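Student: Here you go, sequence then predicted model.
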Amino acid sequence: MVKKRCFILAIIGSWAISGVAAAQYSQADVEAGFNLYNANCITCHGANGDSIPGVNLRTNQFRRAVTDADLNRLIQTGIAGTAMPPGRYTTADLAGLVAYIRSMRDFAAAPPRGDALRGQTIFEEKGNCTSCHRVNGKGSRVAPDLSDIGAIRSPDALQRSLIDPTGSMLPLNRYVRAVTRDGKTITGRRLNEDTYTVQLIDTEERLVSLIKSELREYTVLKTSAMPSYKEKLTSADLDDLVAYLRTLKGAR
Ligand code: HEC
Ligand code: HEC
């Protein structure tokens, strides 16, 4: 069963997981939508989408909207005679907002199997996750900041990151290895890249900017620096960790 699931997830690749509905939305859209939501909607609808009486974005309880197309239209036109304002968004922004609203439902659906409080202790102690990750200002910058990971990843995606880090790598997080002309090797997490330069956080947490034409070698690594915790932690520990990660919803 576990094997089969991993196989299917591998095929879905970068698509958001958890249920048939979510499979249509890409993680990039969900993430973009999360940022747009925080910037444009959260003041009225709240972090959990339930601040307006009679409308619960989190459980997808709407008065009018049924389909994604309805949501798309409502977000653009607003709702006349109510506080819901019209908004000018690009097609990509709308796709992101709808993906995020739909994902709120999926993220909220399954009650956590583990204990978030125990998960936090495992995160900070036994799992030593803070040696690479940062949460709310605590921990290392070597790996992505996880302060809002519960808002942008489904529980399934979180679980998968712990079991198969390499299989769940996102292009943005990739590690790169660069060798300078004088033979110095620098490895780090890519933050930004254009045709001529690349910026990364090296293993000492320093921000480094490199000019590509001055490098002898430049490789994007295909395996994650993160170890798999499949054998390192018990399945109860993993459930606790996922329960904890799901509580991390800090706005960026
Ligand atoms: C100024 C406050 C405000 C802001 C900002 C706002 N909304 Fe609303 N929204 C409302 C109110 C009030 C309603 C309920 C309208 C009604 O009475 O049916 C609503 C309703 C909705 C609905 C439910 C439609 C239905 O069929 O019931 C959706 C979906 C929605 N808003 C999405 C968004 C999104 C996405 C954003 C950000 C891009 C946003 N809203 C920004 C106030 C706001
Ligand atoms: C040796 C460093 C390292 C350690 C230790 C580590 N991670 Fe990671 N983790 C990473 C890196 C690097 C990534 C980004 C994925 C990649 O490799 O491109 C990542 C990705 C993740 C992601 C996915 C992030 C996303 O954007 O989807 C989660 C969730 C995560 N780690 C949780 C944990 C937890 C929980 C622990 C402790 C049990 C842990 N990590 C320990 C390096 C580490």
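Tutor: Ah, there it is. Ligands and ions are numbered 1, 2, ... in the order given.

Student: Look at the residue nearest to G250 when sequence neighbours are not counted and report its pLDDT.
Tutor: Excluding its sequence neighbours, the residue lying closest to G250 (CB to CB, 6 or more residues apart in numbering) is S147, at 4.2 Å. Bear in mind the C-beta positions are built from the backbone N, C-alpha and C, glycine included. Note for S147: predicted pLDDT of 94.

Student: Against Y244, how distant is S147?
Tutor: 12 Å (CB to CB, to the nearest Å).

Student: if you count what's nearby, which of those two comes out ahead?
Tutor: For S147 and Y244, the more surrounded residue by other CB atoms under 10 Å is Y244, and the numbers stand at 27 against 19.

Student: Just say helix, strand or coil for that one.
Tutor: At Y244 the chain is in helix, as set by DSSP: H, G, I helix; E, B strand; the rest coil.

Student: which residues sit in contact with it?
Tutor: Applying CB atoms under 8 Å, 6 or more residues apart in numbering to Y244 gives the contacts G114, A116, L117, R118, G119, Q120, I122, F123.

Student: Filter these down to the buried ones.
Tutor: The neighbour count (16 or more other CB atoms under 10 Å) marks G114, A116, R118, G119, Q120, I122, F123 as buried among these.

Student: closest to ligand 1 among these?
Tutor: A116 (27.5 Å; CB to the nearest ligand atom).

Student: Could you tell me the per-residue confidence at that closest one?
Tutor: For A116, the model assigns a pLDDT of 95.

Student: Distance of the residue in the chain sticking out farthest from the centre relative to ligand 2?
Tutor: Centroid-distance maximum for the chain: D182 at 37.3 Å, with CA atoms, centre = their mean. In this view, D182 and ligand 2 are 27 Å apart by CB to the nearest ligand atom, to the nearest Å.

Student: what does stretch 135-144 contact?
Tutor: The contact list for stretch 135-144 (CB under 8 Å, 6+ apart) reads 123, 129-134, 145-147, 173, 188-189, 201, 203, 205, 225-226, 248, 250.

Student: Are any of the residues you listed buried, and if so which?
Tutor: The neighbour count (16+ other CB under 10 Å) marks 123, 129-130, 132-134, 145-147, 173, 188-189, 201, 225-226, 248, 250 as buried among the contacts of stretch 135-144.

Student: Could you list the low-pLDDT ranges of the stretch 51-200 of the chain?
Tutor: The stretch 51-200 of the chain contains residues with pLDDT under 70 at 106-110, 171-173.

Student: Please give the element, helix or strand, for L117.
Tutor: Assigning secondary structure by DSSP states H and E places L117 in helix 116-124.

Student: Please compute how far the following helix or strand past that helix lies from its chain's middle.
Tutor: Scanning forward in sequence from helix 116-124 by DSSP H and E, the next helix or strand is strand 134-135. When distances are taken as CA atoms, centre = their mean, to the nearest Å, strand 134-135 is centred 14 Å away from the chain's centroid.

Student: circling back to that earlier point, please convert the contacts of Y244 to JSON lines, extending it with distance to ligand 1.
Tutor: JSON lines is the format used below for the contacts of Y244 (distance: CB to the nearest ligand atom, whole Å):
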{"residue": "G114", "distance to ligand 1": "31"}
{"residue": "A116", "distance to ligand 1": "28"}
{"residue": "L117", "distance to ligand 1": "32"}
{"residue": "R118", "distance to ligand 1": "35"}
{"residue": "G119", "distance to ligand 1": "30"}
{"residue": "Q120", "distance to ligand 1": "31"}
{"residue": "I122", "distance to ligand 1": "35"}
{"residue": "F123", "distance to ligand 1": "31"}
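
Student: Show me which of those is closest to P85.
Tutor: Of all the contacts of Y244, P85 sits closest to A116, with 35.2 Å by CB to CB.
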